[in-house]
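**Q** how would this look folded up:
(2 chains)
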Number of protein chains: 2
Amino acid sequence: MSDTAYNEIDAPTRILMGPGPSNIHPRVQMAMMAPMVGHLDPYFITVMDDTVKMLRTVFRTENKLTFPISGTGSAGMEAGFINFLEPGDVAVIGVNGFFSARMVENAVRCGARVVEVPAEWGSIIDPADVEAALKAEKKVKMVAVVHAETSTGVLQPLEEISRLAKEYDALFLADTVTSLGGAELAIDDWGVDISYSGSQKCLGCPPGMAPFTVNKKALDVVTNRSTKVPSWYLDLSLLSTYWTNDRFYHHTAPISMVYALYEALRLVLEEGIEERIKRHQLHGDALKTGLEAMGLELHAQEGHRLSMLTTVRIPSGVDDAAVRKGLLNGFNLEIGGGLGPLKGLVWRIGLMGYSSNPENILLVLASLEKMLATEGYKLEPGAGVKAATEYLKNH
Amino acid sequence: MSDTAYNEIDAPTRILMGPGPSNIHPRVQMAMMAPMVGHLDPYFITVMDDTVKMLRTVFRTENKLTFPISGTGSAGMEAGFINFLEPGDVAVIGVNGFFSARMVENAVRCGARVVEVPAEWGSIIDPADVEAALKAEKKVKMVAVVHAETSTGVLQPLEEISRLAKEYDALFLADTVTSLGGAELAIDDWGVDISYSGSQKCLGCPPGMAPFTVNKKALDVVTNRSTKVPSWYLDLSLLSTYWTNDRFYHHTAPISMVYALYEALRLVLEEGIEERIKRHQLHGDALKTGLEAMGLELHAQEGHRLSMLTTVRIPSGVDDAAVRKGLLNGFNLEIGGGLGPLKGLVWRIGLMGYSSNPENILLVLASLEKMLATEGYKLEPGAGVKAATEYLKNH
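**A** Model (predicted):
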């Protein structure tokens, strides 16, 4: 019978070194095997409570409303804009990559007028440009930037822009999809009012949840809106009653995904946040050292490179798709291609969460060398692996 | 160290006989153990393709855009309204339960004017009332009803209302969160233009995905909007390019959840849709027979009762919360309480998907008898189990 002609799930074992999802820790995967319970089961309530507490620790915040949104990082982004921006509001958005461009799209859909503060795809947003934009406007509701741009490999410093937002009485939003659990991040100390992340990057969890945190000042803005939030599903005033107060039924939480996130957060805390950040930094630096030893050029602005995602320029004459296909088919290794204006120009190599380990560094360098040689690119055999190995030994 | 003081996941083994989530089939749970892959991995593309095909079969539709939304059933509901209703549009919504009231809330947030067609919580919406509402308006954009109301236990006939919607040139939306995979449903034959469901009811999958289907006529309405869809995450014109055409990156699909849904759909097709509907009907009828043999009253309108969710009235003098707590703590058995105006007046007993089996019927009847006896309710010992057993033997 043709209806039953579908094969059972038989996914290949990939080494995930793209922009996410990353590989997931076996303990995180096992957590999804826990028995299903009701979304208001007393046991599940304890899981929710502890998930909230652990997320606060990882975000470094005391924000009461800190919880995972029941959707992917993109749903987190939407919640970050649709709750706060009303028609006619002005948002100043730093635009230097794929995900910051998406923030603009989100803000526009809220009916906001967006003032874009641009920078090259590969450079940080200059706080002076943000200040100029703030000065030119009468009243800005929100300033938004991406902390870790996976499309460009850039780590955006947040503190100065946060200070400016406060000076001009605007909310400050930071997209931490790729930085949470992998890079230094301090929501409260840095004065971030609103932030969302994703489960499938440095937290090492399957995609499907968006950790979110918002402080009282920003939440008051939601409460005092003159119009209803267009999204019922992402309305923070409703979500807060489910996640932090009365457990008033809002929607049925994705139980198995919450189990997975819970276990992923336990792993973060067991390793220690500082240790985890150091691990990401060490491995990112070793990878970069290896890539440069292969004669390759890094794309992101020096001094502002992400540890967990490295953009490297594709040498001229080398076939982007052929190399990535060769890595996938020959080594079960996934790296990312470029997005938007960087399509065909860079590769994006991730070392996130459970995927951030020395073996993966050596594997990607060795296999990339092989594929580049196939493409006729000249390089000293073994140079990348050797440089990365030495770097790891000495750091 | 206090940071590591969180316990590992140790969820109790519950028998889930509430309004959902239902228990999940071991094969569905195992599917989540498959290796993580990238969201554009060639393997994952085949899983997406087959998921779409299987969903079409289960929805009984040829609709090209048939796919799971990356959120819970409530996200599906939001997608069903936010894409189609623009400010000023008129929506006629049948309101006879908790979830139809939520549809109104969704439509209002789209800026639509809602004409409510009310009925008692426990009765169906009368098509004549829908027709009267359609007649009274100059132009109605959408008519919406809930097919299977889990708050009341009512199964709403769809065909006549669908015919009326067409007659008055309105889109017809049916919420099939609880009916898909458990009750007769024929999207194309019945002329349903838009429908969304949930993964955690009769499909027997964890919560977290919302199967969705929309036909070309309705999708053209999205394409021809005069304003952008306020939700970027749920914009069907963007989602369609990811799910059905170019695999253009939109958001990172919740891979493990898609695996689970894929396997759940395989199980539906293996069992056969008709067989599965019969199973739900048989077990629902046996449960009702048992409950009535215990002297209990069914709440939903006769002739329009759901098979997978039975509402039964709480006898006067019986403590709602005490009984449900006793079932949970004494038997690991979850049933649902009433929502809204039915709070404290009814219990909601689900027999959905993998949870719909004879053992569960006998267990809930026997344990409910015990709890009712504790509460001082007089009934003939064993009457419920006996009646249900005989029903099952004879049907």
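**Q** what does the stretch 201-350 of chain A put close to chain B?
**A** A:206-208, A:228-233, A:249-257, A:259-260, A:262-263, A:265-266, A:269-270, A:272, A:328, A:334, A:339 (Cβ under 8 Å from any Cβ of the partner chain). All C-beta atoms are positioned from the backbone trio N, CA, C, and that covers glycine.
**Q** Among these, which ones are in helices?
**A** With helices taken from DSSP state H, the overlap with those comprises A:255-257, A:259-260, A:262-263, A:265-266, A:269-270, A:328.
**Q** okay, those residues in JSON lines with neighbour count next?
**A** Converted to JSON lines, those look like this (neighbours: other Cβ atoms under 10 Å in any protein chain shown):
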{"residue": "A:255", "neighbour count": "25"}
{"residue": "A:256", "neighbour count": "30"}
{"residue": "A:257", "neighbour count": "27"}
{"residue": "A:259", "neighbour count": "26"}
{"residue": "A:260", "neighbour count": "30"}
{"residue": "A:262", "neighbour count": "24"}
{"residue": "A:263", "neighbour count": "26"}
{"residue": "A:265", "neighbour count": "26"}
{"residue": "A:266", "neighbour count": "24"}
{"residue": "A:269", "neighbour count": "19"}
{"residue": "A:270", "neighbour count": "14"}
{"residue": "A:328", "neighbour count": "21"}
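**Q** can you give me the strands in the stretch 1-150 of chain A?
**A** Per DSSP state E, counting those that start in this stretch, the stretch 1-150 of chain A carries strands over the ranges A:15-17, A:65-69, A:90-95, A:113-118, A:142-146, A:148-149.
**Q** Quick one: closest of these to chain B.
**A** strand A:15-17 (6.3 Å; Cβ to the nearest Cβ).
**Q** Who are the packing partners of that closest one?
**A** On a contact count with 3 or more Cβ pairs under 8 Å, 6 or more residues apart in numbering or on different chains; DSSP states H and E, strand A:15-17 meets strand A:333-337, strand A:346-350, helix A:358-374.
**Q** what does that strand contact?
**A** Outside of strand A:15-17, the residues within contact range by Cβ atoms under 8 Å, 6 or more residues apart in numbering or on different chains are A:22-23, A:331-335, A:349-351, A:355, A:360, A:363-364, B:36-38.
**Q** if we go to 10 Å?
**A** A:22-24, A:200, A:287, A:309-310, A:327-328, A:331-336, A:347-356, A:359-361, A:363-364, A:367, B:35-38, B:41 (Cβ atoms under 10 Å, 6 or more residues apart in numbering or on different chains).
**Q** List buried residues within the residues you listed.
**A** Buried residues within these, defined by neighbour count using 16 or more other Cβ atoms under 10 Å in any protein chain shown: A:22-24, A:200, A:287, A:309-310, A:327-328, A:331-336, A:347-356, A:360-361, A:363-364, A:367, B:35-38, B:41.
**Q** burial of residue A:376, as a residue count?
**A** Using other Cβ atoms under 10 Å in any protein chain shown, residue A:376 has 10 neighbouring residues.
**Q** Residue A:116 now?
**A** 17.
**Q** now do residue A:83
**A** Neighbour count of residue A:83, defined by other Cβ under 10 Å: 25.
**Q** wait, doesn't it sit right on residue A:220?
**A** No: taking contacts as Cβ atoms under 10 Å, residue A:83 lies outside contact range of residue A:220: 11.5 Å.
**Q** Give me the helices and strands touching the worst-scoring helix or strand of chain A on mean pLDDT, please.
**A** The helix or strand of chain A with the poorest confidence is helix A:236-243; it has a mean of 92 (mean pLDDT, DSSP states H and E). If you count contacts as 3 or more Cβ pairs under 10 Å, 6 or more residues apart in numbering or on different chains; DSSP states H and E, helix A:236-243 packs onto helix A:42-59, strand A:65-69, helix A:73-82, strand A:210-214, helix A:216-223.
**Q** low pLDDT regions in chain A?
**A** Filtered on pLDDT under 70, chain A yields the residue ranges A:1-4.
**Q** circling back: next, format the helices and strands packed on helix A:236-243 as JSON lines and append distance to residue B:134 and mean neighbour count.
**A** Below are these laid out as JSON lines (distance: least, Cβ to Cβ, whole Å; neighbours: other Cβ atoms under 10 Å in any protein chain shown):
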{"stretch": "helix A:42-59", "distance to residue B:134": "43", "mean neighbour count": "19"}
{"stretch": "strand A:65-69", "distance to residue B:134": "37", "mean neighbour count": "25"}
{"stretch": "helix A:73-82", "distance to residue B:134": "32", "mean neighbour count": "27"}
{"stretch": "strand A:210-214", "distance to residue B:134": "40", "mean neighbour count": "28"}
{"stretch": "helix A:216-223", "distance to residue B:134": "36", "mean neighbour count": "16"}
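**Q** mind checking which of these is nearest residue B:56?
**A** Ranking the helices and strands packed on helix A:236-243 by their distance to residue B:56 (criterion: Cβ to Cβ) puts helix A:73-82 first, at 25.1 Å.
**Q** May I have the closest one as CSV, with CA atoms only?
**A** Included here for helix A:73-82 are C-alpha records, laid out as CSV according to Å, rounded to 0.1, in the frame of the first residue of the first chain:
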residue,chain,number,x,y,z
GLY,A,73,15.0,31.9,17.4
SER,A,74,13.0,33.7,14.7
ALA,A,75,9.9,33.5,16.9
GLY,A,76,12.1,35.0,19.6
MET,A,77,13.0,37.8,17.3
GLU,A,78,9.4,38.5,16.4
ALA,A,79,8.5,38.6,20.1
GLY,A,80,11.3,41.1,20.6
PHE,A,81,9.8,43.5,18.2
ILE,A,82,6.0,42.9,18.0
